[in-house]
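Enquirer: when you get a sec, could you give me coordinates for this:
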Amino acid sequence: MDRATRGMNTWRAGCGESRTSGSESGPQKPTSRNADRALRPDFYTEHPTAEGKLYLCTFKDLWSNRIVGYSIADRMTAALAIAAIRNAGLRRDCEGVIVHTDRGSQFRARAFVSTLEDLDMVGSMGRVGACGDNASAESFFSLLQKNVLNRQRWQTRDELRLAIVIWIEAKYHRRRRQRALGKLTPIEFETIHQPAPQAA
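Expert: Numbering: from 1, shown residues only. Next comes the predicted model:
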């Protein structure tokens with residue numbers, strides 16, 4: 001049974017550093033859309049500008065590898081993670097989704113836990129020192145570092161913020177073909193494999 005037909009919707013999200021490496025497929029990668037559902041947070045990434053650091057938090061759908069929610073700010077706080085997960089909730093039906101995070105203070109904050117409850121999501125935390133839990137996020141941030149962060153010296157946070165958004169939305173989602181998706185982009189994969197609407 002292949003990735004497109006198992007009927008499991010799994011997301012992954014989280015926080016960490018931009019200086020990472022990994023494979024696009026990651027360990028134990030869930031493969032479909034409609035049964036057990038999990039959202040997994042992995043990393044924050046940070047990068048300097050002449051004005052100071054900029055932080056990014058992402059939530060990744062492991063079924064399609066799409067970044068379904070993200071937030072960018074000049075401080076790494078629980079508010080950054082909350083904004084990212086709320087953005088994910090605007091793009092997806094998130095009821096019952098499992099949100100797997102590392103044990104960072106942002107994800108243990110009462111406000112973040114309350115947000116998950118408000119969105120009918122289920123929180124889950126990784127094991128201490130379990131590096132494999134973060135492989136999927138590491139691969140994304142490694143690509144971001146190579147294609148955006150390290151391409152030049154960034155003068156302003158707004159300049160870097162715009163570059164990150166353009167790369168995620170225009171290139172990673174719509175132009176980068178991934179072997180794990182059958183050489184489709186995340187948007188193509190979702191378009192092809194979305195379940196057909198049921199007749200009334």
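
Enquirer: next one: residue 67 from residue 113, what distance?
Expert: Residue 67 sits 23 Å away from residue 113, going by Cβ to Cβ, to the nearest Å. Every residue, glycine included, has its C-beta placed from N, CA and C.

Enquirer: neighbour count winner among these two?
Expert: Higher neighbour count among residue 67 and residue 113: residue 67, with 24 against 14, using other Cβ atoms under 10 Å.

Enquirer: quick check: that one touching residue 172?
Expert: Yes. Contact status for residue 67 versus residue 172: in contact at 7.0 Å, counting by Cβ atoms under 8 Å.

Enquirer: shared neighbours, those two?
Expert: Residues touching both residue 67 and residue 172 by Cβ atoms under 8 Å, 6 or more residues apart in numbering: residue 140.

Enquirer: what's residue 52 in contact with, if anything?
Expert: Here residue 52 is in contact with 74, 157 (Cβ under 8 Å, 6+ apart).

Enquirer: could you pull up phi and psi at it?
Expert: Backbone torsions of residue 52, given as degrees, to the nearest 10, read phi 130, psi -180.

Enquirer: partner residues bridging it?
Expert: With DSSP bridges as the criterion, residue 52 is bridged to residue 49.

Enquirer: separation between it and residue 82?
Expert: Per Cβ to Cβ, residue 52 is found 21 Å from residue 82.

Enquirer: which residues of this protein fall in strands?
Expert: Under the criterion DSSP state E, the chain contains strands at 9-14, 37-49, 52-61, 66-73, 98-101, 122-125.

Enquirer: close enough to count as contact, residue 156 and residue 48?
Expert: No. Applying Cβ under 8 Å, one finds residue 156 not in contact with residue 48, separated by 11.6 Å.

Enquirer: got any residues that touch both of the two?
Expert: Taking Cβ under 8 Å, 6+ apart as the contact criterion, no residue touches both residue 156 and residue 48.

Enquirer: so, low pLDDT: which residues of this structure?
Expert: 1-44, 126-137, 195-200 (pLDDT under 70).

Enquirer: what about 50?
Expert: The chain contains residues with pLDDT under 50 at 1, 5-8, 14-36, 41-42, 131-132, 200.

Enquirer: what angle sits between the helix ranked longest in the chain and strand 66-73?
Expert: The single longest helix within the chain, with elements called by DSSP state H, is helix 78-91. With axes from the mean of the first three to the mean of the last three Cα atoms, to 10 degrees defining the directions, helix 78-91 sits at 150 degrees from strand 66-73.

Enquirer: in helix 78-91, what counts as buried?
Expert: 78-85, 87-89 (16 or more other Cβ atoms under 10 Å).
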